[in-house]
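Pasting the sequence and the predicted coordinates here, then a few questions.
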Amino acid sequence: MARYYLAKGFFVSGSDLAGSEITEALKKQGAKIIIGPHKASNVPVDVDLIVYSAAVENKNPELKEAKKRKIKCQTYAQALGELTKKYFTIAISGTHGKSTTTAMISLILIKAGFDPTVIIGTKLCEFGGNNFRLGSSTSLGVNRYLVIEADEYNASFLNYWPKIIVLTNIEEDHLDYYRDINHILATFKEYIGHLNKDGILVANGDDENISKLKLKSQNYNLKFKIENLKLKVTGRHNLMNAYAAVTVARALKIPDKVSVKALNNFNGTWRRFEYKGMLNGAKIFDDYGHHPTEIKATLQGARELLTIRHKPYAIGHLWCIFQPHQYERTYKLFEQFVGAFDDADRIILLPVFSVAGREKESIKKKVNSQKLTNEIQKRNKKLRYKEKSVRYMDSFKKCATYLKKNLKKGDIAVMMGAGDIYKLTQGLVS
């Protein structure tokens with residue numbers, strides 16, 4: 001949203017407790033960024049709108065100051081929701097695959113001349129390393145199309161009013177907000193109800209939970225026959241994302257040859273099985289995966305790269321270095337996590353990344369990475385996976401030392417997690 005308002009010519013300021021490559025990039029784009037403890041004086045004298053993260057609590061001094069001065073305040077989802085009413089909005093939703101599918105659809109629309117405005121949850125090299133693109137005047141209308149990644153956390157997507165909804169899959173996640181899968185399904189059902197009578201729903205009918213929604217027959221199911229599609233990104237999950245993107249394109253009367261050309265040139269997104277460099281002759285990939293299903297899908301894709309084409313053996317070992325994200329998720333999906341790493345030969349678990357404002361002390365006492373390591377070891381022993389190793393390491397420093405000593409030529413190492421594990425990755429390949 002900061003990039004959107006900057007591109008529109010507004011003055012933008014913001015604050016964060018800690019700096020990052022994103023805050024530095026925003027500075028270069030013209031935003032005034034304040035790093036450090038939040039305080040009332042950070043709120044500018046002349047300001048029209050305060051947009052804040054859902055993680056910000058009501059007692060936050062900047063939010064309290066804004067409300068005291070009766071400045072309009074909106075969560076990110078509320079601010080984005082207002083934009084969805086002004087554009088022909090295409091919203092991509094689901095537990096997994098949102099960012100990649102949003103990227104694919106955006107690139108197809110750009111190739112087809114639709115020139116969309118895009119707000120996505122990850123950076124794209126095609127957008128100059130940004131997670132935002134501003135559309136311009138086209139023959140199809142001035143800034144007519146908006147493509148967004150519509151997140152289900154905190155039921156954020158209930159703020160959005162799209163013309164097309166893409167539904168990739170539905171699973172249990174964000175269980176610090178949702179009670180159970182039934183609560184999740186009911187919220188998705190309400191969200192789909194935001195489509196008007198002319199709206200289009202592109203849904204993966206093969207997904208077990210989506211099928212429980214009993215969607216209307218006139219909605220588009222994913223189309224599985226696409227000629228000449230040769231993706232650079234691996235894994236069946238990316239093939240499904242591509243099917244969703246082409247289905248949307250067909251609904252907009254975009255020829256398949258245009259879609260296929262855009263998809264075949266797609267190099268992937270930031271931190272989605274992103275190749276980072278070499279260490280000891282091993283290839284290092286960085287991945288945002290933090291849900292058991294995402295871990296499985298990414299490791300299956302990595303296994304495809306590792307195995308020599310047409311021959312039933314691999315040239316090296318597949319490593320997964322995983323930083324669990326949030327104690328609540330780790331606890332409630334514990335058994336699923338235990339069975340998520342079967343494709344990896346070498347597994348290293350790091351301490352759980354604690355998410356500020358979303359953790360319960362009672363849960364933190366019940367689960368940790370050492371317990372998860374122990375259970376994976378028990379499972380591997382039971383299944384007689386004698387060649388697989390699982391170990392816990394309590395710091396990035398120890399892990400880096402171990403990897404530098406033990407990674408070999410031909411290996412693939414996937415550094416995985418939604419926390420700050422990318423810092424470990426940067427240290428290995430810098």
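Everything's here; your move. Numbering: from 1, shown residues only.

make it CA atoms for all contacts and neighbour counts henceforth
Noted.

contact partners of stretch 264-277?
If you take CA atoms under 8 Å, 6 or more residues apart in numbering as the criterion, stretch 264-277 is touched by 99-100, 103-104, 122-125, 229-233, 283-289, 298, 414, 425, 429.

Got a quick ChimeraX command for the buried subset of these?
In ChimeraX, this line selects whichever of the contacts of stretch 264-277 come out buried by 16 or more other CA atoms under 10 Å:
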select :99,100,103,104,122,123,124,229,231,233,283,284,285,286,287,288,289,298,414,425
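
can you tell me which of the contacts of stretch 264-277 are in helices?
The members of the contacts of stretch 264-277 that map onto helices under DSSP state H are 99-100, 103-104, 298, 425, 429.

nearest to residue 48, of those?
residue 99 (30.1 Å; CA to CA).

What average pLDDT does stretch 127-137 get?
Mean pLDDT, stretch 127-137: 80.

Stretch 194-206 too?
90.

Over to stretch 229-237?
82.

so how far is that stretch from its chain's centroid?
17 Å (CA atoms, centre = their mean, to the nearest Å).

Mind giving me the packing neighbours of the longest strand seen in the chain?
When the chain is parsed with DSSP state E, its longest strand is strand 117-124. When contacts are defined as 3 or more CA pairs under 8 Å, 6 or more residues apart in numbering; DSSP states H and E, strand 117-124 packs onto helix 98-111, strand 130-133, strand 145-149.

Of all those, which one comes closest to residue 65?
strand 130-133 (29.1 Å).

Packing partners of that closest one?
Strand 130-133 packs on helix 2-7, strand 117-124, going by 3+ CA pairs under 8 Å, 6+ apart.

would JSON lines of these with distance to residue 191 and mean pLDDT be doable?
Below are those laid out as JSON lines (distance: least, CA to CA, whole Å; pLDDT from 0 to 100):
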{"stretch": "helix 2-7", "distance to residue 191": "24", "mean pLDDT": "92"}
{"stretch": "strand 117-124", "distance to residue 191": "19", "mean pLDDT": "86"}
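
Quick one: closest of the ones you listed to residue 410.
The minimum distance between residue 410 and the helices and strands packed on strand 130-133 falls on strand 117-124, with 27.8 Å, by CA to CA.

in its sheet, what does that closest one sit against?
Sheet pairing of strand 117-124 (DSSP bridges) gives strand 130-133 (antiparallel), strand 145-149 (parallel).

Show which residues not belonging to the last one make contact with it.
So that's strand 145-149. Against strand 145-149 from outside (CA under 8 Å, 6+ apart): 84, 87-93, 98-99, 102, 105-106, 114-121, 135.

these two touch, right, residue 231 and residue 263?
Yes: counting by CA atoms under 8 Å, residue 231 does reach residue 263; the two are 6.5 Å apart.

who touches both of the two?
Common neighbours of residue 231 and residue 263 (CA under 8 Å, 6+ apart) do not exist.

Need the pLDDT of the residue nearest the centre of the chain.
Of all residues in the chain, the one closest to the mean position by CA atoms, centre = their mean is residue 99, 5.1 Å from it. Note on residue 99: pLDDT of 89.

Next one: it from residue 347, what distance?
Counting by CA to CA, to the nearest Å, the gap from residue 99 to residue 347 is 26 Å.

Could you list the residues in contact with the longest strand of the chain?
Here strand 117-124 makes contact (CA under 8 Å, 6+ apart) with 1, 99, 102-103, 106, 129-136, 143, 145-149, 268-271.

Quick one: distance of it to the chain centre.
That offset, for strand 117-124, works out to 10 Å (CA atoms, centre = their mean).

got the angle between that strand and helix 98-111?
Interaxial angle of strand 117-124 relative to helix 98-111 (axes from the mean of the first three to the mean of the last three CA atoms, to 10 degrees): 120 degrees.

quick one: low-confidence parts of this structure?
Low-confidence segments of the chain, defined by pLDDT under 70: 137-143, 217-224, 269-270, 307-314.

So it: which segments form each domain?
2-70, 79-264, 274-429 (automatic domain parsing).

in a strand, that's where residue 385 is, yeah?
No: counting by DSSP: H, G, I helix; E, B strand; the rest coil, residue 385 is not found in a strand; it is coil.

Run a quick neighbour tally on it.
By other CA atoms under 10 Å, 13 other residues sit near residue 385.

Against residue 41, how distant is it?
Residue 385 sits at a distance of 58 Å from residue 41 (criterion: CA to CA).

Please apply the same query to residue 67.
Distance, residue 67 to residue 41, using CA to CA: 14 Å.

Of these two, which one has the most company?
residue 67 (14 against 10).

Residue 61 is in contact with the more buried one, correct?
No: contact criterion CA under 8 Å: residue 67 and residue 61 do not qualify, at 9.9 Å.

Where do the helices of the stretch 301-430 of the chain begin and end?
Per DSSP state H, counting those that start in this stretch, the stretch 301-430 of the chain carries helices over the ranges 327-332, 334-338, 361-364, 369-382, 396-406, 421-429.

Check which helices and strands the fifth one sits against.
Meaning helix 396-406. Using 3+ CA pairs under 8 Å, 6+ apart, helix 396-406 is in contact with helix 421-429.

what distance separates the helix it packs on from the middle of the whole chain?
Chain-centre distance of helix 421-429: 19 Å, with CA atoms, centre = their mean.

likewise stretch 413-427?
The answer for stretch 413-427 is 15 Å, by CA atoms, centre = their mean.

Any chance you could list what contacts it?
Under CA under 8 Å, 6+ apart, the answer for stretch 413-427 is 273, 276, 282-290, 299, 318-325, 353, 396, 400.

What of stretch 55-68?
38-43, 50, 72-73, 356-358.

again, 6 Å this time
Stretch 55-68 is touched from outside by 39-40, with contacts defined as CA atoms under 6 Å, 6 or more residues apart in numbering.
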